[in-house]
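Enquirer: Next input, structure requested:
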Amino acid sequence: MMLLRPITAGAALALMLGLAACDGNPFVPKVEQDTSTQGVSVSAASGGAPAVQGDPTAAPAENAARPPREPDYDALEQVEDPARVQAFLADALRQGRWRDAARAWGEKGDADALRQRFGRPGGTLDLTFGPGSSDAGAGSQYYSAPYTLRLPDGSSEKGTLVLRRVNDVPGASAASLRWHVERMDTAL
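Expert: Now for the predicted structure:
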């Protein structure tokens, strides 16, 4: 009985520290999980919400006929749903709104660098995401999702998009408290 008491106290302490680190609100992403082999698209046709594509190998020209929609600037101010930032980024890149795309990167955003990296004459980009997952680090929350970027010339790039937000810690900037792109890792 004496051995059980220290173990229980240690478990209770670990639970209290874990809840204190996340202000008692563990992160649960609001992204629909797709159990099929199809991708999840957050491009302009999806209206900003994840939508299953029927043909994940569709050419960007098939997506060019989509009418542009109003940007969801509120996505960059909220802290609940990282998929909204994904949708904002996909729409901004597709429509060539480089300054808006840079805003998705938060304080590290650089519109000129994005234009150089993603700008292609003769068509639009199509950025789609697979199901994502969340992870908590020391003082931050991360959301990672595989992506496929289809370029106007028919080539494509695959990788992982990582979003991050800092927990409510003293001294954190307002921009770091919101979801923003931390990095896009290209698969080799």
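Enquirer: What lies in contact with stretch 97-112?
Expert: Under the contact criterion Cβ atoms under 8 Å, 6 or more residues apart in numbering, stretch 97-112 has outside partners 71, 76, 85, 88-89, 91-93, 114-115, 118-119, 173, 175-176, 178, 180-181. All C-beta atoms are positioned from the backbone trio N, CA, C, and that covers glycine.
Enquirer: so what's A51 scoring on pLDDT?
Expert: At A51, the pLDDT value in this model is 34.
Enquirer: Tell me where the chain has helices.
Expert: 4-21, 60-63, 82-94, 98-104, 111-118 (DSSP state H).
Enquirer: for the chain, which spans come out with low pLDDT?
Expert: Within the chain, the ranges that satisfy pLDDT under 70 run 1-68.
Enquirer: Walking through it, point out its strands one by one.
Expert: Under the criterion DSSP state E, the chain contains strands at 40-41, 51-52, 126-129, 133-136, 140-150, 156-166, 180-186.
Enquirer: Serialize those strands to TSV and add fields for distance to G106 and mean neighbour count.
Expert: TSV is the format used below for the strands of the chain (distance: least, Cβ to Cβ, whole Å; neighbours: other Cβ atoms under 10 Å):
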stretch	distance to G106	mean neighbour count
strand 40-41	23	26
strand 51-52	26	16
strand 126-129	18	25
strand 133-136	18	13
strand 140-150	13	20
strand 156-166	9	18
strand 180-186	3	17
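Enquirer: can I get these in JSON lines with distance to R97?
Expert: Output for these, formatted as JSON lines (distance: least, Cβ to Cβ, whole Å):
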{"stretch": "strand 40-41", "distance to R97": "18"}
{"stretch": "strand 51-52", "distance to R97": "21"}
{"stretch": "strand 126-129", "distance to R97": "13"}
{"stretch": "strand 133-136", "distance to R97": "27"}
{"stretch": "strand 140-150", "distance to R97": "16"}
{"stretch": "strand 156-166", "distance to R97": "17"}
{"stretch": "strand 180-186", "distance to R97": "15"}
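Enquirer: In PyMOL, select just the buried ones from the contacts of stretch 97-112.
Expert: Only the buried entries of the contacts of stretch 97-112 go into this PyMOL selection, using 16 or more other Cβ atoms under 10 Å:
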select buried, resi 71+76+85+88+89+91+92+93+114+118+175+176+178+180+181
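Enquirer: Hmm, P152 is touching D126, no?
Expert: No: the criterion here is Cβ atoms under 8 Å, and P152 misses it with D126 at 9.1 Å.
Enquirer: got the contact list for F88?
Expert: F88 sits next to G48, P71, D72, Y73, A75, L76, D100, A104 when contact means Cβ under 8 Å, 6+ apart.
Enquirer: Could you find the closest non-adjacent residue to it?
Expert: A75 (4.4 Å; Cβ to Cβ, 6 or more residues apart in numbering).
Enquirer: what about W105, neighbour count?
Expert: Neighbours of W105 under the rule other Cβ atoms under 10 Å: 20.
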